[in-house]
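# Following is a predicted model, sequence given first.
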Amino acid sequence: MCRKQHSERPFSRLAAWFLAVSLLACAATFGNQALAQNPYTVDQMVSFNLGNPQEYRAFYAKLKAALGKGDKQTVAAMVNYPLRVNGDKEHKIPRIRTKADLVAHYDRIFTPELVAAIVKEDYEDVIARDIGVGLANGSLWFTGACVDKACKRRAIKVITVNMP
């Protein structure tokens, strides 16, 4: 009986060692992305959840260019009002109800850090979900916003900015 327990012990240690080595080899081979990466492309996710991917790509490109140039008027025209600005305890930004409000508070909302994060991000790296497309790790979201009261027509607009 003692011999049997003694002989089982090296086997279980050996099995545990092989399991650990195998897991490390898989992690080294596939990296963390294999576990976290969505198998669908951004365009597929947009198509499944939001609408025409070409329209979302075009909006993204126009927004990214406008932010990169600091074109406040173009950015203001791409926003759905009132704009939701979340987590702003430090900057004390009032509710953004109009284009004029956005232009007046533009530099406090679209900080250099936020703009840099959006400008350097590739479209393939954005977040695409049923609620919209998120840029800079979800710091800015855009989606199809209702144009009429019945919501029969939609236009892609920025709907939320999440302050750090």
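The structure has been received and is ready for your questions. Numbering: from 1, shown residues only.
# which ones are touching Leu102?
For Leu102, the contacting residues are Lys72, Val75, Ala76, Val79, Tyr81, Leu83, Ile96, Ile109, taking Cβ atoms under 8 Å, 6 or more residues apart in numbering as the criterion. C-beta: built from backbone N, CA, C; applies to glycine.
# Quick check: closest non-adjacent residue to the last one.
Sequence neighbours aside, Val161 is the residue nearest to Ile109 in space, at 5.6 Å (criterion: Cβ to Cβ, 6 or more residues apart in numbering).
# related to what we said a few turns ago, pick out the most distant pair among the contacts of Leu102.
Using Cβ to Cβ, the contacts of Leu102 reach their maximum pairwise distance at Lys72 and Tyr81, which is 14.6 Å.
# circling back: so for the residue nearest to Ile109, what's the pLDDT?
With respect to pLDDT, Val161 has a value of 95.
# Could you give the bridge partners of it?
Taking DSSP bridges, one finds Val85, Leu140 as the beta-bridge partners of Val161.
# what does stretch 81-100 rub up against?
The set of residues external to stretch 81-100 that reach it, using Cβ under 8 Å, 6+ apart, is 73, 76-77, 79, 101-102, 105, 108-109, 158-164.
# List the buried residues in that stretch.
Judged by neighbour count (16 or more other Cβ atoms under 10 Å), stretch 81-100 contains these buried residues: Tyr81, Leu83, Val85, Asp88, Ile93, Ile96, Lys99.
# same thing with stretch 110-128?
Using 16+ other Cβ under 10 Å as the test for burial, stretch 110-128 gives Phe110, Leu114, Val115, Ile118, Tyr123, Val126, Ile127, Ala128.
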